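# turn this into a structure:
(one chain, ligands or ions: 2)
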Amino acid sequence: MNIATMVAGRIPYGKLEHAALAVSGERIAWIGDAEEARSGARAAGIPLEEAEGLWMTPGLIDCHTHLVYGGNRVAEFEQRLCGASYEEIARAGGGIQSTVRATRAATFSQLHESALIRLRRLMAEGVTTVEIKSGYGLELAAERRLLEVARDLGERLPVSVRKTFLGLHALPPEFAADRQEFVNRVCGPWLETLAAAGLVDAVDAFCENIAFSLEETAQLLEAASGLGLAAHVHAGQLSDLGAAELASKWGALSADHLEYLSAAGARAMAAAGTVAVLLPTAYFTLRQTTPPPAGLLRDAAVPMAVATDCNPGTSPCSSLLTAMNMACTLFGLTPEEALRGTTCNAARALGLQDEVGKIAVGMRADLAFWRIERPAELCYGLGANPCAGVMHRGRMRGELN
Ligand code: NIG
Ligand code: FE
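Residues are numbered from 1 along each chain as shown. Ligands and ions are numbered 1, 2, ... in the order given. Below you'll find the predicted structure:
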């Protein structure tokens with residue numbers, strides 16, 4: 001075996017705390033005792049990245065973002081502070097529609113430039129995999145541009161990108177008189193074209209009173225399954241339509257938000273293995289008061305993931321550590337659950353559980369190094385960034401600091 005490098009540090013919540021691992025190519029080839037690794041590395045002349053004073057975790061995974069978009073929604077933020085609700089603004093043609101206008105007007109490089117700023121912030125906090133949704137184009141060319149920007153970011157930067165076609169996000173005004181035609185295009189020619197171009201890992205729909213119905217969402221899930229594509233569903237953010245049950249019925253990888261999840265919904269998710277993606281910074285931004293039922297999810301053994309939902313309307317947040325903090329303070333997760341939520345469970349939410357999200361032999365060598373006293377400190381600070389370095393696909397992004 002060709003060992004390129006070895007790393008020694010502390011691994012949280014495992015059997016072997018003072019550990020070392022060997023990296024061969026992009027993958028973890030061996031895990032063992034740090035002392036053994038040091039002498040082995042010395043004898044064989046293999047470079048060893050000494051991170052003994054640091055903790056190492058799997059590289060973090062942000063499994064739900066909308067980080068490519070045009071413009072911002074700061075005016076709407078002010079409107080909401082003056083009493084307007086998210087639904088009222090959406091119904092009046094603002095909300096998602098205002099970002100759609102700004103996104104359609106933006107060029108590839110404008111979209112790229114603004115997304116890059118947000119992506120770099122995520123990466124600086126140890127993120128090695130990020131999911132990026134389209135959904136602010138809502139016409140074929142603009143949706144394609146968003147997905148191409150997402151693909152390009154993943155090709156240029158040391159971060160892995162998963163691309164999701166959020167075709168059913170909002171009804172664009174040109175289809176106001178014919179919603180069925182819009183849904184047909186999204187689920188038919190648009191999805192087929194984008195998938196054929198290799199731009200779609202999964203689909204998504206915003207299943208909600210102010211967005212798309214269960215039937216419309218089902219049409220997209222059926223089309224995706226016909227093409228062998230995975231699915232996510234924005235479910236139960238503002239009301240309970242039964243979207244979590246629908247997502248589970250179609251074997252969606254995840255149902256996301258879930259503030260209004262019922263016990264039946266949680267049971268359906270558990271039976272289907274659908275991951276609950278919790279988005280506490282969106283909940284916080286909308287000043288919602290009904291948190292997702294974490295106890296119900298825990299009791300039903302539904303895996304819980306935590307993500308930023310980075311978007312200009314409901315979660316102008318590019319800090320996954322902040323989302324982990326709020327998953328604890330607002331939703332009652334333990335720090336260990338929050339960390340699982342941004343590592344192994346987030347990997348599962350993307351169908352990548354055999355690749356990333358765990359420090360184990362055979363997994364990709366995606367690691368984050370932390371200058372913290374104990375693992376819970378990852379969730380403790382607000383605006384603190386204890387990340388001391390990152391390895392992506394077996395290569396350090398820079399020096400440990
Ligand atoms: O995840 N819920 C739908 N989509 C986004 C919000 C999009 C927006 O307001 O621009 C979300 O919260
Ligand atoms: Fe979202």
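# ok, the residue of the chain most remote from its centre to Pro375 distance?
Within the chain, Ala43 marks the point farthest from the mean C-alpha position, 41.4 Å out by Cα atoms, centre = their mean. Distance from Ala43 to Pro375, counting by Cβ to Cβ, to the nearest Å: 32 Å. No exception for glycine: its C-beta is placed from N, CA and C like everyone else's.
# over to Asp354?
For Asp354 relative to Pro375 (Cβ to Cβ), the value is 24 Å.
# neighbour count: those two, which is higher?
Comparing Asp354 with Pro375 by other Cβ atoms under 10 Å, the one with more neighbours is Pro375, at 19 against 13.
# neighbours of the nearest residue to the more buried one once chain neighbours are set aside, how many?
Among residues not flanking Pro375 along the chain, Pro12 sits closest, at 3.7 Å (Cβ to Cβ, 6 or more residues apart in numbering). For Pro12, the neighbour count with other Cβ under 10 Å is 18.
# ok, the residue nearest to the spatial centre of the chain - contacts?
For the chain, the residue nearest the mean C-alpha position is Cys63 (1.6 Å; Cα atoms, centre = their mean). By Cβ atoms under 8 Å, 6 or more residues apart in numbering, Cys63 lies in contact with Thr129, Glu131, Arg162, Ser254, Val277, Ala305, Ala307, Ala346, Ala347, Ala349, Leu350.
# if I've got this straight, Gln110 is in a strand?
No: Gln110 is assigned helix when assessed by DSSP: H, G, I helix; E, B strand; the rest coil, not a strand.
# list the contacts of the closest residue to it other than its chain neighbours.
Take Gln110 and drop its neighbours on the chain: the residue closest to it by Cβ to Cβ, 6+ apart is Gly70, 6.7 Å away. Residues near Gly70 by Cβ under 8 Å, 6+ apart: Thr99, Ala102, Thr103, Arg104, Ala105, Ala106, Gln110, Leu111, Ser114, Tyr136.
# and the fourth one, what does it touch?
By Cβ under 8 Å, 6+ apart, Arg104 lies in contact with Gly70, Gly137, Glu139, Ala142.
# one more pass at 7 Å, please.
Contact partners of Arg104, counting by Cβ atoms under 7 Å, 6 or more residues apart in numbering, are Gly137, Ala142.
# for the last one, same thing?
Residues in contact with Tyr136 (Cβ under 7 Å, 6+ apart) are His66, Tyr69, Thr99, Val100, Thr103, Leu146.
# so the fifth one, which of the three states?
Think Thr103. Thr103 is classified as helix under three-state DSSP.
# spell out which residues of the stretch 1-150 of the chain are next to ligand 1.
Gly95, Ile96, Thr99 (Cβ under 6 Å from any ligand atom).
# so which of the residues you listed wins on neighbours?
Neighbour max across those (other Cβ under 10 Å) = Ile96, 28 neighbours.
# in the stretch 1-150 of the chain, what residue is nearest ligand 1?
With Cβ to the nearest ligand atom as the measure, Ile96 is the residue of the stretch 1-150 of the chain nearest to ligand 1, at 4.4 Å.
# mind listing what's buried in stretch 379-393?
The neighbour-count check on stretch 379-393 (16 or more other Cβ atoms under 10 Å) flags Cys379, Tyr380, Pro386, Cys387, Ala388, Gly389, Val390, Met391, His392, Arg393 as buried.
# in strands, which of those fall?
Among those, DSSP state E puts Cys387, Ala388, Gly389, Val390, Met391, His392 in strands.
# would you turn the residues you listed into TSV with pLDDT?
Below are those laid out as TSV (pLDDT from 0 to 100):
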residue	pLDDT
Cys387	98
Ala388	97
Gly389	96
Val390	97
Met391	97
His392	98
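# just flag the most distant two among these.
Among those, the pair separated by the greatest distance (Cβ to Cβ) is Ala388 and His392, at 14.7 Å.
# ok so, going back, just give me the closest of the ones in strands among the buried residues of stretch 379-393 to Phe175.
Nearest member of these to Phe175, counting by Cβ to Cβ, is His392, at 40.4 Å.
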